[in-house]
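**Student:** here is the input, now give the coordinates:
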Amino acid sequence: MRQIVLDTETTGLEHKLGHRIIEIGGVEINNRRLTSHHFHYYLNPEREIDEGAQAVHGISLDFLQDKPRFAEIAAEFLDFVRGAELIIHNAPFDIGFLNAELARLDMEPIESVCCAVLDTLRMAKERFPGKRNNLDALCERYAIDNSKRTLHGALLDAEILAEVYIAMTRGQESLLMELTDDSNTGQGHIEERLTISAHHQRVLRASPEEIAEHEALLAEIQKESKGKCVWLADLT
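**Tutor:** Numbering: from 1, shown residues only. I've put the predicted structure just below:
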């Protein structure tokens, strides 16, 4: 699965009041691995930046004067995210701003370009109700280094969120068998592995203790995934 972890910085909090995107950053996850493919631009908003917003991200209007407008990078951005699942922390905020920018250009909304949008803030609130679930809190909870995050920045925050997302969803991944690795990625290699004769394989039966431990792990995955554990699909 191809996923894009995305973040934006803006001139203010309300796109309905004419606030604009001033930075957009995205990193690619392919089959649960971060790739080197990313997207990042600072943007000239053609309007003032609220003092409160600038205090958060530290981006000044002077710095943005020679940067491209959103219209100049819109097509490239849509090509980058097309067909992917978007992963965003507090997705309604960023999606609202992106769709406002696209609407100004009479372009299709982001939901029609991407296959899905996943809100990691909502996911975190469901998993940790009543606790702080901002990005810094999640980094602390999952022991992810965010020491470089002195101010908000779209690309850095997207990179950190990608690590947080992978950590948050690691439970089900641990039972998946990797069919490829960096040195052995061809389809022919997969087929070769699968055609090894079973007649030469020694069969080891699981002990009752191992079976019980396995069932307990499946039950935990079933709980965390809210009933979507694929290994239990035929049993429920």
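
**Student:** for H19, the count of nearby residues, please.
**Tutor:** 20 (other Cβ atoms under 10 Å). For glycine as for every other residue, the C-beta is placed from the backbone atoms N, C-alpha and C.

**Student:** count the residues that sit near the nearest residue to it once chain neighbours are set aside.
**Tutor:** Nearest in space to H19, with sequence neighbours left out and distances taken as Cβ to Cβ, 6 or more residues apart in numbering, is G12 at 3.7 Å. G12 has 20 neighbouring residues, counting by other Cβ under 10 Å.

**Student:** next up, the contacts around G12.
**Tutor:** G12 makes contact with H19, I49, D50, G52, A53, according to Cβ atoms under 8 Å, 6 or more residues apart in numbering.

**Student:** worst-scoring helix or strand of the chain, pLDDT-wise?
**Tutor:** Least confident helix or strand, the chain: helix 187-194 with a mean of 39, by mean pLDDT, DSSP states H and E.

**Student:** quick check: mean pLDDT of the host helix or strand of D79?
**Tutor:** Using DSSP states H and E, D79 sits in helix 70-81. In this model, helix 70-81 has an average pLDDT of 98.

**Student:** gap between it and the chain center?
**Tutor:** 18 Å (Cα atoms, centre = their mean, to the nearest Å).

**Student:** try stretch 73-92
**Tutor:** Centroid separation between stretch 73-92 and its chain, computed with Cα atoms, centre = their mean, is 10 Å.

**Student:** again, but for stretch 1-20
**Tutor:** So, by Cα atoms, centre = their mean, the centroid of stretch 1-20 is 14 Å from its chain's centroid.

**Student:** could you pull out the helices for the chain?
**Tutor:** Applying DSSP state H to the chain gives helices spanning 51-57, 61-64, 70-81, 91-104, 120-127, 135-141, 154-168, 170-173, 187-194, 208-224.

**Student:** buried ones in the second one?
**Tutor:** Across helix 61-64, burial judged by 16 or more other Cβ atoms under 10 Å covers L64.

**Student:** let's see it as PDB, backbone CA atoms only.
**Tutor:** Only the C-alpha atoms of helix 61-64 are listed here, as PDB (Å, rounded to 0.1, in the frame of the first residue of the first chain):
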ATOM      1  CA  LEU A  61       5.900  36.900   5.200                       C
ATOM      2  CA  ASP A  62       9.300  38.300   4.200                       C
ATOM      3  CA  PHE A  63      10.700  34.800   3.900                       C
ATOM      4  CA  LEU A  64       7.800  33.800   1.600                       C
END
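
**Student:** from start to finish, how long is stretch 104-117 in a straight line?
**Tutor:** Length of stretch 104-117, first residue to last, Cα to Cα, to the nearest Å: 22 Å.

**Student:** list the contacts of that stretch.
**Tutor:** When contacts are defined by Cβ under 8 Å, 6+ apart, stretch 104-117 is touched by residues 4, 70-71, 74, 78, 81-86, 88, 91, 95, 98-99, 102-103.

**Student:** for PyMOL, write a command that selects the buried ones of those.
**Tutor:** Remark: buried members of these, expressed as a PyMOL selection using 16+ other Cβ under 10 Å:
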select buried, resi 4+70+74+78+81+84+85+86+88+91+95+98+99+102
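
**Student:** what is the burial count for N134?
**Tutor:** Neighbours of N134 (other Cβ under 10 Å): 11.

**Student:** any idea how far G83 is from it?
**Tutor:** 29 Å (Cβ to Cβ, to the nearest Å).

**Student:** same question for G52.
**Tutor:** For G52, the distance to G83 - Cβ to Cβ - is 36 Å.

**Student:** so what's E159 up against?
**Tutor:** Contacts of E159 by Cβ under 8 Å, 6+ apart are V5, V27, L34.
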